[in-house]
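S.K.: Provided below for reference: sequence and predicted model.
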Amino acid sequence: MARRISKKKQKRREEFMLKEKSKVEEGVFDTKTMLTLRRLFSHGVISGLEFIIAVGKEADVYLAAAGDKVREEFVIVKIFRVETTGFIRRKEYIIGDPRFGKVKGNLYNYVNVWCKKEYGNLKIAAALGVRAPVPYAFSGNVLGMQMIGEEGHPSPSLRNTRLGNPDGVLDYVIEDIRKLYGGGLVHGDISEYNILMKGNVPYLIDFGQAVVIRHPHAMEFLHRDITNLLAYFERAYGIKRDYDRTLAYVLSAGKERNGNV
Ligand SMILES: Nc1ncnc2c1ncn2[C@@H]1O[C@H](COP(=O)(O)OP(=O)(O)O)[C@@H](O)[C@H]1O
Ligand SMILES: [Mg+2]
């Protein structure tokens with residue numbers, strides 16, 4: 001059955017096709033990425049790219065207009081860079097993870113596995129009730145997910161927010177790290193940059209490197225996450241929390257499920 005789409009979305013669709021063509025010509029996206037974007041587009045996940053909101057070392061993040069399969073107005077599109085060597089450097093996050101252990105060593109494969117891994121990790125986070133973007137779809141090196149933000153504006157990072165209730169926010173984040181751990185996952189890159197503040201509510205983002213707790217370095221990553229988090233709140237707000245007590249609290253959630261949530 002043909003899907004009906006609104007006029008607005010139809011118009012966006014046509015514009016998308018045109019812009020897409022010119023972007024390949026201008027060399028903004030490589031052809032493979034473009035084909036992948038088109039796939040998300042034809043599956044109704046996105047109906048047009050709006051603008052770029054972050055240029056990272058390993059990925060670029062765009063705000064997109066949602067397609068008719070998504071019940072929100074916007075979608076965040078994270079496009080993992082194929083030309084970067086960062087993924088090879090970070091392959092320990094993949095190799096030690098029993099879910100993704102065997103990857104043939106070509107760059108495309110690493111990037112695609114990384115993207116799939118972030119999608120899978122976000123699914124787990126959502127299932128555990130952790131505040132993080134809901135993943136909508138991935139294909140190749142492109143991931144579509146919920147925008148954390150309001151009225152078309154992505155939320156600022158913790159780093160760029162002056163909190164009124166830093167103690168409460170810290171408790172929230174520790175609670176989320178604990179929930180993740182209880183569900184068998186360690187984020188592995190918790191920082192003031194990877195926490196977005198939607199009003200007073202912190203959301204964790206950037207789950208590509210998150211590993212299941214069977215990963216040989218999972219405890220090391222957990223240690224680093226808690227250390228970085230506590231250090232930031234101490235530096236920015238003078239809050240002193242005991243590392244050992246915080247770790248013990250997080251670990252108390254730990255009924256190991258081998259990452260199969
Ligand atoms: N779901 C989202 N909602 C709103 N903004 C986002 C979302 N995901 C990413 N961003 C923005 O894009 C930036 C980079 O995304 P991130 O996933 O942290 O990628 P990187 O691996 O490049 O750090 C974030 O710091 C944030 O500003
Ligand atoms: Mg980040």
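M.R.: It's in. Ligands and ions are numbered 1, 2, ... in the order given.
S.K.: Torsion angles phi and psi at the closest residue to ligand 2 within the stretch 101-250 of the chain?
M.R.: For the stretch 101-250 of the chain, the residue closest to ligand 2 is residue 206, as judged by C-beta to the ion, at 3.7 Å. To be clear about C-beta, it is placed using only N, CA and C from the backbone, and glycine gets the same treatment. Backbone torsions for residue 206, taken as degrees, to the nearest 10, come to phi 70, psi 70.
S.K.: Just the endpoints, please. Distance across stretch 191-201?
M.R.: Counting by C-alpha to C-alpha, to the nearest Å, you get 15 Å between the two ends of stretch 191-201.
S.K.: Which residues does it contact?
M.R.: Residues from elsewhere that reach stretch 191-201 (C-beta atoms under 8 Å, 6 or more residues apart in numbering): 131, 148-150, 154-159, 161, 163-165, 168-169, 172-173, 187, 202-206, 228-229, 232, 236.
S.K.: Tell me who's in contact with residue 205.
M.R.: By C-beta under 8 Å, 6+ apart, residue 205 lies in contact with 132-133, 148, 194-196.
S.K.: now swap in residue 232 and tell me
M.R.: Applying C-beta under 8 Å, 6+ apart to residue 232 gives the contacts 158, 191-192.
S.K.: quick check, it in a helix?
M.R.: Yes. Membership of residue 232 in a helix is supported by DSSP: H, G, I helix; E, B strand; the rest coil.
S.K.: picking that back up, now the contacts of residue 232 in TSV, with distance to ligand 1?
M.R.: Below are the contacts of residue 232 laid out as TSV (distance: C-beta to the nearest ligand atom, whole Å):
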residue	distance to ligand 1
158	10
191	9
192	10
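S.K.: Scan the residues you listed and report the most crowded one.
M.R.: Neighbour counts for the contacts of residue 232 (other C-beta atoms under 10 Å) peak at residue 158, which has 24 neighbours.
S.K.: and residue 145, what does it touch?
M.R.: 75-76, 78, 122, 133-136.
S.K.: Stretch 65-82 near ligand 2 anywhere?
M.R.: No. Remark: stretch 65-82 sits outside contact range of ligand 2, by C-beta under 5 Å from the ion, the gap being at least 9.8 Å.
S.K.: gap between the two ends of that stretch?
M.R.: Start and end residues of stretch 65-82 are separated by 24 Å (C-alpha to C-alpha).
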